[in-house]
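[1] Just to be clear, the model below is a prediction. Sequence and coordinates:
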Amino acid sequence: MKNKIIDIYSRMTLVAKITFVVWFLFSLTALVTYTIPQWLIVCAVGVFIFVVPVQIISLKIKKRKQKSFLVEDYRDIKIKSPETETETETETETETETETETETETEKIVSYAEIKSNKINIEKIKMDLERANLLYEIVQTTDDKELFFLSLNEICQILYSLITYEDCVDFKTPPSEQLKSLNLKRNNLINALEERIRISNINLDEYAKECNNYVRFKDKSDFDIMNGHDFEYFCADLLTKNGFSSVEVTQGSGDHGIDILAEKDGITYAIQCKCHSKDIGNPAVQQAHTGKSIYKKDIAVVLTNRDFTTQAKEEAEMLGVKLWNREKLLSLINTTNN
């Protein structure tokens with residue numbers, strides 16, 4: 001638990017850390033009037049009201065700053081116009097000097113005329129910068145080390161090749177400046193890559209754990225000791241093996257009381273799963289009925305390892321909600337075993 005708290009704190013932005021410390025110190029004054037449990041509640045409320053929003057906002061600002069790099073350049077670049085030299089000539093200048101200056105000015109105009117006549121392909125430069133933008137998005141999001149460094153090196157090559165055009169092309173930010181900025185950000189980009197890899201590995205470990213739990217509960221007699229999450233996936237697997245299609249387990253939060261969406265014989269189902277030690281009451285029936293309307297499904301179902309109370313059965317009959325009790329669950333299991 002202690003290590004987890006330290007890990008969470010280390011991943012907070014500097015602004016969020018400062019906000020947290022300030023709030024914690026301020027909340028210490030509440031110890032005078034509150035008990036320890038009350039004080040802990042006050043601290044938790046303050047974290048959600050102050051620290052969490054600050055963390056979210058600062059992360060968005062940080063992300064926006066990172067994405068601003070390179071993005072502005074490739075759309076509006078254009079070839080520079082030749083500089084007009086307005087040197088005032090004194091009456092004492094000789095005719096030779098005047099002729100030399102005129103020739104120099106003529107050479108400049110011819111040079112820019114050559115640039116405009118395809119000596120420099122402005123569209124090609126724009127395409128190169130657009131390519132650099134796409135590669136930079138990969139650098140910011142990938143958790144593949146090889147792809148990261150290949151993309152980063154190609155960006156450097158593109159910018160380096162464009163430096164030669166700085167005198168002739170009007171870049172919003174010169175490629176040399178962008179290359180310098182990229183080199184300064186290199187370590188931060190690598191650190192961000194390592195963090196993405198670490199998070200990706202954690203997610204893989206959690207997925208493997210879920211798979212192990214599922215295998216552990218393959219013995220159908222174990223469903224009574226499952227937690228709600230495992231029971232949902234257990235039921236989804238049963239439905240699939242019983243001829244249901246498009247079986248989908250909804251997200252845990254904001255699921256509107258519906259745990260599984262499924263379809264069979266052209267009829268769509270919104271199913272709430274309840275793995276309890278007591279019979280299920282009418283609140284579950286009401287939630288399933290409401291969830292069916294939100295997900296726009298044909299039939300609402302409450303599926304449980306137990307039975308239903310009398311009130312739940314009456315409510316279900318009135319609302320048209322199907323009740324699948326332990327007997328129905330066992331019949332689904334027996335069908336898969338046959």
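    All right, it came through fine.

[2] low pLDDT regions in this protein?
    Low-confidence segments of the chain, defined by pLDDT under 70, span residues 1-7, 9, 62-120, 200-222, 252-255, 337-338.

[3] Name the SS class of residue 271, please.
    The assignment at residue 271 comes out as strand when based on DSSP: H, G, I helix; E, B strand; the rest coil.

[4] distance of it from residue 327?
    Separation of residue 271 from residue 327 (C-beta to C-beta, to the nearest Å) stands at 16 Å. C-beta coordinates here come from the backbone N, C-alpha and C atoms, glycine included.

[5] ok, now residue 191?
    57 Å.

[6] what does residue 26 give?
    57 Å.

[7] neighbour count winner among these two?
    residue 26 (12 against 8; other C-beta atoms under 10 Å).

[8] ok, that one - contacts?
    residue 46 (C-beta atoms under 8 Å, 6 or more residues apart in numbering).

[9] and it, that's in a helix?
    Yes - under three-state DSSP, residue 26 falls within a helix.

[10] And for stretch 309-328, what's in contact with it?
    Applying C-beta under 8 Å, 6+ apart, the contact partners of stretch 309-328 are 279-282, 284-286, 288-289, 292, 299-308.

[11] which residues of the chain fall in strands?
    78-79, 169-170, 245-249, 260-264, 267-274, 299-304, 322-324 (DSSP state E).

[12] now those as TSV including distance to residue 14?
    As requested, those are exported to TSV (distance: least, C-beta to C-beta, whole Å):
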stretch	distance to residue 14
strand 78-79	40
strand 169-170	37
strand 245-249	38
strand 260-264	42
strand 267-274	43
strand 299-304	48
strand 322-324	52
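
[13] and these, which is most packed in?
    Across the strands of the chain, averaging neighbours per residue (mean count of other C-beta atoms under 10 Å) puts strand 299-304 on top, at a mean of 24.

[14] From the chain's centroid, how far away is that strand?
    33 Å (C-alpha atoms, centre = their mean, to the nearest Å).

[15] Give me the angle between that strand and strand 267-274.
    30 degrees (axes from the mean of the first three to the mean of the last three C-alpha atoms, to 10 degrees).

[16] quick one: strands adjacent to strand 299-304?
    Strand pairing for strand 299-304, using DSSP bridges, gives strand 267-274 (parallel), strand 322-324 (parallel).

[17] Pull the residues that contact that strand.
    So strand 299-304 is contacted by 235, 260, 267-276, 280, 284-285, 288-289, 291-292, 308, 312, 316, 319-326, 328-329 (C-beta under 8 Å, 6+ apart).

[18] show me where the stretch 51-200 of the chain has helices.
    In the stretch 51-200 of the chain, the helices defined using DSSP state H, counting those that start in this stretch lie at 52-67, 95-114, 122-141, 145-162, 175-216.

[19] Counting by contacts, list what the fourth one packs against.
    In this case it means helix 145-162. helix 122-141, helix 175-216 (3 or more C-beta pairs under 8 Å, 6 or more residues apart in numbering; DSSP states H and E).

[20] so what's the residue most central in space within the chain closest to, chain neighbours aside?
    Taking C-alpha atoms, centre = their mean, the centroid of the chain lies closest to residue 141, which sits 9.2 Å from it. Closest residue in space to residue 141, ignoring its immediate chain neighbours: residue 196 at 7.8 Å, by C-beta to C-beta, 6 or more residues apart in numbering.

[21] Is that neighbour in contact with residue 143, as I believe?
    Yes - the criterion here is C-beta atoms under 8 Å, and residue 196 meets it with residue 143 at 4.3 Å.

[22] per the record, what domains does the protein have?
    Domain assignment for the chain by automatic domain parsing gives 2-65, 97-216, 221-337.

[23] Make a markdown table out of the helices and strands packed on helix 145-162 and add distance to residue 30.
    Putting the helices and strands packed on helix 145-162 into a markdown table (distance: least, C-beta to C-beta, whole Å) gives the following:
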| stretch | distance to residue 30 |
| --- | --- |
| helix 122-141 | 41 |
| helix 175-216 | 35 |
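
[24] what's in contact with stretch 244-263?
    229, 232-233, 235-236, 239-240, 264, 268-273, 284, 287-288, 290-292, 294-295, 297, 303.

[25] One more pass at 7 Å, please.
    The contact list for stretch 244-263 (C-beta atoms under 7 Å, 6 or more residues apart in numbering) reads 232-233, 235-236, 239-240, 264, 269-273, 287-288, 290-291, 294-295, 297.

[26] again with stretch 185-199
    Counting by C-beta under 7 Å, 6+ apart, 139, 143, 145, 148 sit against stretch 185-199.

[27] how far away is the third one from residue 165?
    Distance check for residue 145 against residue 165: by C-beta to C-beta, it reads 32 Å.

[28] and those two? which has more neighbours close in?
    A count of neighbours by other C-beta under 10 Å puts residue 165 above the other of residue 145 and residue 165, at 20 against 12.
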